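structural data only, the sequence is not supplied:
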């Protein structure tokens, strides 16, 4: 995946978090801060760029 696509996908997920969280009650605990704090695998460069821009990394 190219960097711009990863950036745009990450941006869409974070900007639509409220809609995603309302899909199922279990999703409510998956906050933007929690999603940005996962370090099990490295983030794609595009995703990392978005997270840094919005102050989550």
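Everything's here; your move. Every value quoted in this text rests on a predicted model; they were computed, and no experiment measured them.

where do the helices sit along the protein?
In the chain, the helices defined using DSSP state H lie at 3-15, 17-21, 32-36, 45-53.

mean confidence for the second one?
Average pLDDT, helix 17-21: 86.

please report how far residue 24 lies from residue 48.
Between residue 24 and residue 48 the computed distance is 27 Å (Cβ to Cβ, to the nearest Å). (Each C-beta comes from the backbone N, C-alpha and C, glycine too.)

same thing with residue 7?
Distance of residue 7 to residue 48, computed by Cβ to Cβ: 9 Å.

which one of these two is surrounded by more residues?
With other Cβ atoms under 10 Å as the criterion, residue 7 and residue 48 differ in neighbour count, and residue 7 comes out ahead with 20 against 17.

once you drop chain neighbours, what's closest to that one?
residue 46 (3.6 Å; Cβ to Cβ, 6 or more residues apart in numbering).

check contacts around the most far-flung residue of the chain relative to its centre.
Largest separation from the mean C-alpha position in the chain: residue 25, at 18.4 Å (Cα atoms, centre = their mean). Residues in contact with residue 25 (Cβ atoms under 8 Å, 6 or more residues apart in numbering): none are found.

please apply the same query to residue 21.
Applying Cβ under 8 Å, 6+ apart to residue 21 gives the contacts 27, 28, 30.
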